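S.K.: Predicted model, plus sequence, below.
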Amino acid sequence: MATILNAKIPEGNISEKWTNHKFNMKLINPANKRKYQIIVVGTGLAGASAAASLGELGYNVSAFTYHDSARRAHSIAAQGGINAAKNYQNDGDSVYRLFYDTVKGGDYRSREANVYRLAEVSGNIMDQCVAQGVPFAREYGGLLDNRSFGGAQVSRTFYAKGQTGQQLLLGAYSALSRQVGKEKVKLHTHKEMLELVVVDGIAKGIITRDLLTGEIESHSAHAVILATGGYANVYFLSTNAMNCNTTAIWRAHKKGALFANPCFTQIHPTCLPVHGEGQSKLTLMSESLRNDGRVWVSKIKKDMREPNDIPEEERDYYLERKYPSFGNLSPRDISSRSAKEVVDDGRGVKGGEAVYLDFRDAINRLGKNAIEEKYGNLFEIYETITGDNPYNMPMKIYPAPHYTMGGLWVDYNLMSTIPGLFVLGEANFSDHGANRLGASALMQGLADGYFVIPYTIGNYLASDKPELIPADHDQFKKDKSGIEDLTKKLISINGKHTVDELHKKLGRIMWNKVGMARNEKRLNEAIDEIRNLREEFWKNVKVVGSAEGLNQTLERAGRVADYLELGELMAYDALERKESCGGHFREEYQTEDGEALRDDQNYSYVSAWEFKELGKWEHHKEPLEFEYVKLATRSYK
Amino acid sequence: MSDGRINLKLKIWKQSGPNFPGSFADFEVQVSPDASFLEMLDELNNDLESKGLEPVAFESDCREGICGTCGLVINGQPHGPIPKIATCQLHMRNFKDEDTIWVEPFRAKAFPVVKDLIVKRSAFDKIMYAGGFVSVNTGGVPDANAILIPKEKAAESFDAAACIGCGACVAACKNASAMLFVSAKVSQFALLPQGQPERYERVQKMVKVMDDLGFGSCTNTYACEAECPKGISVRNIARMNRDYFVAKVKSANLEVEV
Ligand SMILES: Cc1cc2nc3c(=O)[nH]c(=O)nc-3n(C[C@H](O)[C@H](O)[C@H](O)COP(=O)(O)OP(=O)(O)OC[C@H]3O[C@@H](n4cnc5c(N)ncnc54)[C@H](O)[C@@H]3O)c2cc1C
Ligand code: SF4
Ligand code: FES
């Protein structure tokens, strides 16, 4: 338990920290900015907004994505909305309240100063997106409309039907497109980063594989930004897009970047249940549905009746019963765990792994048209996938892995423990503590990219004066041949299990033992099982095709290899944290009525793990101090 | 939802690269009717891989009909037989036991085949780089509620902005025209106050690049609208044509005035 990490939180009152810091940071003269080369990996909300903003400022930016176009990043799939403390509804919202709600929602495991800044710039994000021509939902008078989201009692979520992420990403993509057109940003599509190049402890570039030609290439820069998204696909089945993966941050971790709170994963309460073995991913039904839908199960175990045949008095609206003040809008971790409880009790839909989300009462109260206007497209999606019509029949939902609060550790400037390596968006650990509130990831990605990194990266370049190292430097050569060897190795094994089979096995271990409810015994079992599976992978994986040209199996194999290491660290982290907080529920630490038992005395810190060798990490801590938000048991009762 | 799996014959386009000839190959699968079309292909690929055979290359990502990555021509129709959904949203319950299904890539001169069912659609991005934006830098913009926008206008703009950039409209069109895609972006901005300053310049720039990239011209067959997974309306094309005409007149006038 060595070093205490320096978060570099600026001095002063919380409401002045960012303003003071902006003033104190060094600037780079506009004419000199073009002398700097910056690499941005990822073109989701965080990466596209960063690349565009840095290009506008005059830096030379190279942006990378494994997609065929910057517009396809996983951010596109976000449905519900984006928070901003505008208080347009005059319902008592403020920067301070958004800050407070986010720290509380994160179960007091996030850094106050970062969260405050997030709340502070949230309003600017809305201004920016509107100016870009993002068509948000509006009221009859022409003002922006809001809805409320889980974990908040004010209405501060802005939205564009059920396609908010799409519209925000297309906004960032259009700003990026403008810079690509001006040749300030060079966009590399279909290129996957496979290694971070570190020279004398400083990030100097990346190694990529061209997914169409198979060519391994070196790229050097004064600074590297990773905005590569989350790692929920470690569970195989999650709401993340098929290609989301951990490779970029994992390989940076193995080069020295500390990984923070890896076990903090969010299991989203409203997803469609699994249909069978061939299932490739899980579909999220927007949480906004919980504004009008009521969650229930039968009071009777293994009740095989159709839902509409179960009379009112035999239904258990368990969220309303247990959490009367938040009810169906209780935060995600609580809603998910409650669903697991009733399912474990045998009261899931027909005894299986699902609960009902019912719109009957809302339709009776507001009329079918009102419900259709609000949720029409979501209802259509549901019917397309399941074949059931939610206007007549309650939806069936079940929790699924959705978002990862953990990620690479960053300081207040969003710099990792490797100087020159910055991490934005879901890829870092910064703002959501042990649980993320709905509509806050989009806000964080855009805050990081539009409003934080343009300042902090300038400060790094101006103060540290990093040098540009040529891409044929020995370290680049070494890393490049390392990746070529890895690729050859994966292909040469030619064993008996396909990549998907091994990934599914890992997913099952993670879901059953490092999932919604964890305990020491199962976590230890998970560690053993993951190690064995990893051994099996390297002995017996079967990757057909060659290293040249397009080979999707090879792409997946590299990603699964990284998951097999990350999974183990997640289990370690979960084991080390002997408390229950947010998305991390340890069965040994709960109150008599089954609520999470946080231990602020002993666990009020960020865990940051330093990679030593495969299966060995050193544990570091960043103590969390709460000067403004009063630590309290998070109660939604 | 039934438990009985169905048997299908597949005729899938295989092509090893852009400069190689392609042809249909035959496969057989047994699949649950609750599986999606792409899950059916996953199962096929897993089977092929376990036999040491090359899988069929196809792209997908979100599998929720929003990222625009997937896109197959199924039995002659871009995104398959069900209207207003993307390929990834198609489920096997729409097919019958013993059906034969033909699967091909989106075909167009501007979309060269990369491998099997994957085509390169970067031409769409190039059109965007030419003008698919509002020229505002980060920071220094007015308050989000400073400009009122009528609800219907915002909704109409949203409907155009809902385009997922999949390219089905091009694949559906006998002339391989990109008019529906381009007009959707042009309309999104043309309908909003934020898009007005560059309205006429934007349309000219985007149309020029579209023409240069080898997309065909529009002869109003409306095949694009019929196959569009997001129901993007051909009214956008009419709006863009109007704007384009006005832009031409304006630039002609300018020349006279100078
Ligand atoms: C279904 C769904 C709905 C959601 N709804 C909401 C919502 O309503 N509100 C909300 O606030 N949040 C929501 N979220 C969460 C939110 O969408 C994500 O957390 C957020 O979009 C992540 O953005 P990002 O920019 O960090 O990463 P991403 O959008 O995941 O982008 C990652 C980028 O990195 C690139 N990349 C990754 N690895 C590499 C590599 N090795 N080499 C090259 N490129 C790489 C990818 O190509 C991509 O461009 C939702 C998430 C899901 C799954
Ligand atoms: S207009 Fe429709 S078919 Fe064409 S790219 Fe957009 S979504 Fe796809
Ligand atoms: S995979 Fe995203 S639209 Fe089909």
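M.R.: That came in fine, so what should we check first? Ligands and ions are numbered 1, 2, ... in the order given.
S.K.: where exactly do the strands run in the stretch 51-200 of chain A?
M.R.: Along the stretch 51-200 of chain A, the segments classed as strands by DSSP state E, counting those that start in this stretch run A:60-64, A:82-83, A:157-158, A:185-188, A:191-199.
S.K.: Most tightly packed of those strands?
M.R.: strand A:82-83 (a mean of 30; mean count of other C-beta atoms under 10 Å in any protein chain shown). Where C-beta positions appear, they are placed from N, C-alpha and C, glycine not excepted.
S.K.: and that strand, what's its mean pLDDT?
M.R.: Averaged over strand A:82-83, pLDDT sits at 96.
S.K.: Over to stretch B:65-73?
M.R.: Rounded mean pLDDT across stretch B:65-73 is 97.
S.K.: now that stretch, how far from the centre of its chain.
M.R.: 7 Å (C-alpha atoms, centre = their mean, to the nearest Å).
S.K.: check whether that stretch contacts chain A.
M.R.: Yes: applying C-beta under 8 Å from any C-beta of the partner chain, one finds stretch B:65-73 in contact with chain A at B:65-69.
S.K.: Not including adjacent chain positions, what is the nearest residue to residue 164?
M.R.: Just so you know, I chose chain A. Of all residues beyond its chain neighbours, the one nearest A:Thr164 is A:Gly81 (4.8 Å), with distances taken as C-beta to C-beta, 6 or more residues apart in numbering or on different chains.
S.K.: Actually, chain B is the one I wanted.
M.R.: Among residues not flanking B:Ile164 along the chain, B:Gly68 sits closest, at 3.5 Å (C-beta to C-beta, 6+ apart).
S.K.: Hmm, the one you found is touching B:His79, no?
M.R.: No: using C-beta atoms under 8 Å, B:Gly68 is not in contact with B:His79, being 10.7 Å away.
S.K.: hey, what's in contact with both of the two?
M.R.: B:86, B:166 (C-beta atoms under 8 Å, 6 or more residues apart in numbering or on different chains).
S.K.: Pull the most distant pair out of the residues of stretch B:65-73 next to chain A.
M.R.: Greatest spatial distance among the residues of stretch B:65-73 next to chain A (C-beta to C-beta): B:Gly65 and B:Thr69, at 10.4 Å.
S.K.: quick one: the helices in chain B?
M.R.: Secondary structure of chain B by DSSP state H: the helices cover B:37-50, B:122-131, B:151-161, B:168-172, B:179-190, B:199-212, B:223-227, B:235-257.
S.K.: what about residue 246, neighbour count?
M.R.: Went with chain A since none was named. Neighbour count for A:Thr246, taken as other C-beta atoms under 10 Å in any protein chain shown: 26.
S.K.: right idea, wrong chain: chain B
M.R.: For B:Val246, the neighbour count with other C-beta under 10 Å is 13.
S.K.: I'd guessed A:Tyr628 sits against A:Val115; true?
M.R.: No: the pair A:Tyr628 / A:Val115 is not scored as a contact, 9.8 Å apart, by C-beta under 8 Å.
S.K.: Show me the shaky parts of the stretch 1-150 of chain A.
M.R.: Filtered on pLDDT under 70, the stretch 1-150 of chain A yields the residue ranges A:1-4, A:150.
S.K.: can you give me the helices for it?
M.R.: For the stretch 1-150 of chain A, the helices defined by DSSP state H, counting those that start in this stretch cover A:17-24, A:30-33, A:45-57, A:95-105, A:112-131.
S.K.: Please see if the shortest one touches chain B.
M.R.: Just to be clear, that refers to helix A:30-33. No: using C-beta under 8 Å from any C-beta, helix A:30-33 stays clear of chain B, coming no nearer than 12.6 Å.
S.K.: Not counting its neighbours along the chain, what's nearest B:Phe37?
M.R.: Residue nearest to B:Phe37 in three dimensions, not counting chain neighbours: B:Leu90, with 4.2 Å by C-beta to C-beta, 6+ apart.
S.K.: Kindly report the domain assignment for the chain.
M.R.: All of this is about chain A. According to automatic domain parsing, chain A is divided into the following domains: A:268-399, A:474-623.
S.K.: look at chain B instead
M.R.: Taken from automatic domain parsing, chain B resolves into B:6-114, B:121-257.
S.K.: What's the local residue count around the residue nearest to B:Val31 when sequence neighbours are not counted?
M.R.: In space, and not counting its chain neighbours, B:Val31 is closest to B:Met40: 4.7 Å by C-beta to C-beta, 6+ apart. For B:Met40, the neighbour count with other C-beta under 10 Å is 23.
S.K.: between the helices of the stretch 1-150 of chain A, which gets nearest to ligand 2?
M.R.: Closest to ligand 2 of the helices of the stretch 1-150 of chain A is helix A:45-57 (C-beta to the nearest ligand atom; 19.1 Å).
S.K.: is stretch A:541-552 anywhere near chain B?
M.R.: Yes: Stretch A:541-552 is in contact with chain B by C-beta under 8 Å from any C-beta, via A:542, A:544-545, A:549-550, A:552.
S.K.: cool, stretch A:182-202 as well?
M.R.: Yes: among the residues of stretch A:182-202, A:Thr189 lie within reach of chain B under C-beta under 8 Å from any C-beta.
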